[in-house]
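Participant: would you be able to build a 3D model of this:
(one chain, ligands or ions: 2)
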Amino acid sequence: MPSWLTEWEDEDPIEHSRMKAIERNAEALGVSTRQMMESAGRALAEEALMQSPEQVLVLCGRGNNGGDGFVAARYLARTMECSCIYVSGDRKGDSAANLKALTACGIPLHEVSCREDISRLADLFSSADLIIDALLGTGAGGNLREPIASCVAMANESPAYILSADLPTPGISADAILAFHRSKGIATSIADIGIPLEAECFTGPGDLLSIPKKPENAHKGYGGKVLVVGGGPYQGAPYLAGLAALRAGADIVFVASPHALDCPDLIHIPLPGRISGEEICDLLIKYAREADSVVIGPGLGAGSHDVVLRVAAAARRAVIDADALRLPLPAGGETIYTPHAGEFARAFGRDRSGNNETDAAIVRDACTENGIILLKGPTDIITDGRRIRFNRTGVPAMTVGGTGDILAGVAAALFCRMPAFEAAAIAAYVTGRAGEEAALAIGDGLIASDLLLFIAQILYGD
Ligand SMILES: NC(=O)C1=CN([C@@H]2O[C@H](COP(=O)(O)OP(=O)(O)OC[C@H]3O[C@@H](n4cnc5c(N)ncnc54)[C@H](O)[C@@H]3O)[C@@H](O)[C@H]2O)[C@H](O)CC1
Ligand SMILES: [K+]
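Facilitator: Ligands and ions are numbered 1, 2, ... in the order given. Prediction:
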């Protein structure tokens, strides 16, 4: 494992949604949920054995937390008296498979569906000296429903030592909590369940889970209104960014540029040859204030930096790209900076070393208040000054001009509906993945606009 990965630390305690994303990333890296559950259940059994119990009762819910319990019971059944109470109902995947495996072990299994079923099993609670709480984990929600509520009450009334799997079922008086991979906010110990650190610090398909789902009754504009300010010597750049923003879910995209290109999906705001002067500035500020996010820079050339600074300042959310990345640094209410190595040196006064560990620290230190940096390269580095994420999707063919414009547009669209750090990380992941798909479909002759064909599918396809 690269040395700089061992330095990795992510925010502790971890959000449940972030844990789901990491598990999904681990799957994509080849570690199956079945492997994770087996590791979790085995760790749970070993933690229970450290209490030298004589009689163990395992309480299993209907989800994957229950699955952990089935695995633990299977290990414990080999060395001691162990019985299992499990909530009836449709269970699927790894949890169902582990219930089936446990059934083959011949330990006493009790299926319960109501409070009366639990009352009939009162002896199991009173005779156990250790109870494993595998009722609810990160999937818990709302008030406890039966028969889980009665399980919790009976467990709390029993004299047994209670060991909770991953996190305590709400209301249970746990004596110990064995969290899996990372603490969920309260843990007495943490078990490594084989999730590679890359699942946590590299972007992956799990990161897409944090994209807000568009409600059925979404109104026009839900996806966000994006303004792109650019064009000048490179007339196509702002249009690539604009189309990428649409493909990434923006509803309305304005392109303020001196050149009118025939893009019926984009709304063109005509500008004079050079983006400068009070009149232009006022016009752009008006549009910037009305936009949910503003991209400034694609193809801009050496436009008037004064205008760039003022338009950015009028933006609630700004993506500062390409020629806008120069000192003094433009900033919106919140800002995503998307420099490549040269622009990073110019705008932030630091040189990328090429070593991910060194660069991660350099970029993290360069972050500004309310500004996050997506430093593009063979491995992109995304940081908000505290968290760091790496992205290694993409192909060498993406060095073709315009892919940075695509990235800026995708980031701006996601920024309309997500926090800056997550929007930038996902934009890097999706743009690289689109490049991979384009290279598969088209080969080395891919051009930036080919990526547009794949962005929506990667973002919203599953
Ligand atoms: N996903 C993985 O790769 C791994 C997960 N691990 C363990 O799985 C749980 C999270 O599992 P999940 O199925 O998402 O949720 P739960 O098992 O916590 O519960 C869902 C289950 O419970 C029902 N439910 C929810 N709230 C209530 C309530 N208030 N009253 C009654 N019933 C409720 C809901 O309907 C579902 O049926 C995680 O914590 C880990 O323990 C593995 O450890 C590793 C791999
Ligand atoms: K639990």
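Participant: for the rest of this, base every contact and every neighbour count on C-alpha atoms.
Facilitator: Noted.
Participant: count of neighbours near the one residue in the stretch 251-400 of the chain that gets nearest to ligand 2?
Facilitator: Scanning the stretch 251-400 of the chain for proximity to ligand 2 using C-alpha to the ion identifies Arg387 as nearest, at 28.1 Å. Neighbour count of Arg387, defined by other C-alpha atoms under 10 Å: 16.
Participant: now do it against Glu357, distance only.
Facilitator: Distance of Arg387 to Glu357, computed by C-alpha to C-alpha, to the nearest Å: 13 Å.
Participant: give me the next element, helix or strand, following the helix or strand bottoming out on mean pLDDT in the chain.
Facilitator: Lowest by mean pLDDT, DSSP states H and E among the helices and strands of the chain is helix 3-6, with a mean of 52. Note on helix 3-6: by DSSP states H and E, the next helix or strand toward the C-terminus is helix 16-28.
Participant: neighbours of the nearest residue to Thr33 once chain neighbours are set aside, how many?
Facilitator: Nearest residue to Thr33 in three dimensions, chain neighbours excluded: Glu27, at 6.6 Å (C-alpha to C-alpha, 6 or more residues apart in numbering). Burial of Glu27 is recorded as 21 neighbouring residues (other C-alpha under 10 Å).
Participant: check what pLDDT Glu27 gets.
Facilitator: pLDDT recorded at Glu27 is 97.
Participant: does it really touch Met36, like I thought?
Facilitator: No: Glu27 lies out of contact with Met36 (C-alpha atoms under 8 Å); the separation is 9.3 Å.
Participant: do you know how far Leu167 is from Ala155?
Facilitator: 15 Å.
Participant: quickly list the domain ranges of the chain.
Facilitator: Taking automatic domain parsing as the reference, the chain has its domains at 3-201, 219-460.
Participant: point out the most buried one among these.
Facilitator: Sort the domains of the chain by mean neighbour count, taking mean count of other C-alpha atoms under 10 Å, and domain 219-460 sits at the top with a mean of 22.
Participant: for that one, what is the average pLDDT?
Facilitator: Domain 219-460 shows a mean pLDDT of 94.
Participant: distance between the ends of that domain?
Facilitator: Using C-alpha to C-alpha, the two ends of domain 219-460 sit 18 Å apart.
Participant: the residue lying farthest from the centre of the chain: what's it in contact with?
Facilitator: Relative to the centre of the chain, the most outlying C-alpha is that of Asp123, 44.8 Å out, by C-alpha atoms, centre = their mean. Contact partners of Asp123, counting by C-alpha atoms under 8 Å, 6 or more residues apart in numbering, are absent.
Participant: now do the SS call for it.
Facilitator: helix (DSSP: H, G, I helix; E, B strand; the rest coil).
Participant: and it, how far from Asp129?
Facilitator: Applying C-alpha to C-alpha, the value for Asp123 to Asp129 is 12 Å.
Participant: ok, now Gly30?
Facilitator: Gly30 is 38 Å from Asp129, by C-alpha to C-alpha.
Participant: what does Gly137 give?
Facilitator: 22 Å.
Participant: kindly report the same for Val56.
Facilitator: Taking C-alpha to C-alpha, one finds Val56 at 6 Å from Asp129.
Participant: and Arg120, by the same measure?
Facilitator: Taken as C-alpha to C-alpha, the span from Arg120 to Asp129 is 19 Å.
Participant: contact residues of the stretch 151-300 of the chain facing ligand 2?
Facilitator: Ser164, Ala165, Leu167, Pro168, Thr169 (C-alpha under 5 Å from the ion).
Participant: quick check: the farthest pair among those?
Facilitator: Spatially, the most separated pair among these is Ala165 and Thr169, at 8.6 Å (C-alpha to C-alpha).
Participant: so what sits against both of these two?
Facilitator: Asp133, Ala134, Gly137.
Participant: tabulate those in CSV, adding columns for distance to ligand 1, pLDDT and secondary structure.
Facilitator: Shown next, in CSV, are the shared contacts of Ala165 and Thr169 (distance: C-alpha to the nearest ligand atom, whole Å; pLDDT from 0 to 100; DSSP: H, G, I helix; E, B strand; the rest coil):
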residue, distance to ligand 1, pLDDT, secondary structure
Asp133, 10, 98, strand
Ala134, 7, 98, strand
Gly137, 3, 97, coil
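Participant: so which of the residues you listed reach ligand 2?
Facilitator: Among those, the residues lying close to ligand 2 (C-alpha under 5 Å from the ion) are Asp133, Ala134, Gly137.
Participant: show me where the stretch 351-462 of the chain has its strands.
Facilitator: 371-375, 380-383, 388-391 (DSSP state E, counting those that start in this stretch).
Participant: redo these as JSON lines? Include distance to ligand 1.
Facilitator: As requested, these are exported to JSON lines (distance: least, C-alpha to the nearest ligand atom, whole Å):
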{"stretch": "strand 371-375", "distance to ligand 1": "29"}
{"stretch": "strand 380-383", "distance to ligand 1": "25"}
{"stretch": "strand 388-391", "distance to ligand 1": "21"}
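Participant: thinking again about what came up before, need the residues of the stretch 151-300 of the chain next to ligand 2 in JSON lines (columns: secondary structure).
Facilitator: Compiled in JSON lines, those are given as follows (three-state DSSP):
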{"residue": "Ser164", "secondary structure": "strand"}
{"residue": "Ala165", "secondary structure": "strand"}
{"residue": "Leu167", "secondary structure": "coil"}
{"residue": "Pro168", "secondary structure": "coil"}
{"residue": "Thr169", "secondary structure": "coil"}
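Participant: in JSON lines, list those residues along with distance to Ser95.
Facilitator: Converted to JSON lines, those look like this (distance: C-alpha to C-alpha, whole Å):
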{"residue": "Ser164", "distance to Ser95": "17"}
{"residue": "Ala165", "distance to Ser95": "14"}
{"residue": "Leu167", "distance to Ser95": "17"}
{"residue": "Pro168", "distance to Ser95": "18"}
{"residue": "Thr169", "distance to Ser95": "17"}
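Participant: so which of those residues is the closest to Gly273?
Facilitator: Out of these, the member with the shortest distance to Gly273 (by C-alpha to C-alpha) is Leu167, at 60.9 Å.
Participant: for the helix ranked longest in the chain, packing partners?
Facilitator: For the chain, the longest helix by residue count, based on DSSP state H, is helix 420-442. If contacts are counted by 3 or more C-alpha pairs under 8 Å, 6 or more residues apart in numbering; DSSP states H and E, helix 420-442 sits against strand 334-338, strand 371-375, strand 380-383, strand 388-391, helix 403-415, helix 452-460.
Participant: put together TSV for these, with distance to Ile362 on each row.
Facilitator: Formatted as TSV, the helices and strands packed on helix 420-442 follow (distance: least, C-alpha to C-alpha, whole Å):
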stretch	distance to Ile362
strand 334-338	15
strand 371-375	11
strand 380-383	10
strand 388-391	11
helix 403-415	21
helix 452-460	30
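Participant: interface residues of the stretch 101-250 of the chain facing ligand 1?
Facilitator: Proximity of the stretch 101-250 of the chain to ligand 1, by C-alpha under 6 Å from any ligand atom, involves residues 136-145, 148, 165-166, 180.
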